[in-house]
Structures are given as C-alpha cells and as structure tokens.
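Colleague: Sequence plus predicted model, see below.
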Amino acid sequence: DKTEVREYFNTEGFNRWNKIYSESDEVNSVQLDIRNGHDQTIQKILNWIEADGDIKGKTVCDCGCGVGSLAIPLAQMGAKISA
C-alpha cells in the first residue's frame, strides 16, 4: 500500500537516514562507517568537479539526493540543481 510505504519513509525511514547524515552522536558503528564513507565520497566528487573547471550555470541532476549532501554544495558553486 502506497500510504503505508509513504508513512514509513516520512517517519521511521527519515529518522534512520537523518541520524546517519546529521551531526548526531547517536549512531552505531555501522552507521558511523556509512557516514564517514559518504563524506569521503562527497568530497571526492566535489574535488573532481572543481578540477574540471567552472560548474556555474550548468544543470546537475542529483538522483536520490537524500539530505542534499551533494546538491547543496553544487548549488553554492553556482550549478542549477534538479534533485
């Protein structure tokens, strides 16, 4: 049922992902590994984009953007974001 799935992702699902990607200290070792690996991946992507040159005005589609860890810094760099 779509309603049940929507309610899960808007409550429990959101809370689980938010715990991982926020500054919360309430994470277990697996969640901490996910957080650290995610941060490293985001930084690597941002470094690639900076090395390639100016992204201002270019359109970027961030599929599965979650909490905007990549979309927000790209927008701050001047990209047009579709998330």
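Modeller: All right, it came through fine.

Colleague: Going by C-alpha atoms from here, please, whenever you check contacts or count neighbours.
Modeller: Fine.

Colleague: For the residue nearest the centre of the chain, give me the pLDDT.
Modeller: Nearest to the geometric centre of the chain sits Ser69, at 3.4 Å (C-alpha atoms, centre = their mean). Looking at Ser69, its pLDDT stands at 86.

Colleague: For the helix or strand in which Gln40 is found, which helices and strands make contact with it?
Modeller: Per DSSP states H and E: Gln40 is located in helix 29-52. Applying 3 or more C-alpha pairs under 8 Å, 6 or more residues apart in numbering; DSSP states H and E, one finds that helix 29-52 contacts helix 14-21.

Colleague: before we move on, back to that, give me the contact list for the following helix or strand past the helix holding Gln40.
Modeller: The helix or strand immediately downstream of helix 29-52 is strand 59-61, counting by DSSP H and E. Contacting residues not belonging to strand 59-61 are listed as Ala79, Lys80, Ile81, Ser82, Ala83 [C-alpha atoms under 8 Å, 6 or more residues apart in numbering].

Colleague: coming back round to it: next, the contact list for the residue nearest to the centre of the chain, please.
Modeller: Contacts for Ser69 (C-alpha under 8 Å, 6+ apart) come out as Ile42.

Colleague: that's a helix at it, yeah?
Modeller: No: counting by DSSP: H, G, I helix; E, B strand; the rest coil, Ser69 falls outside a helix, being coil.
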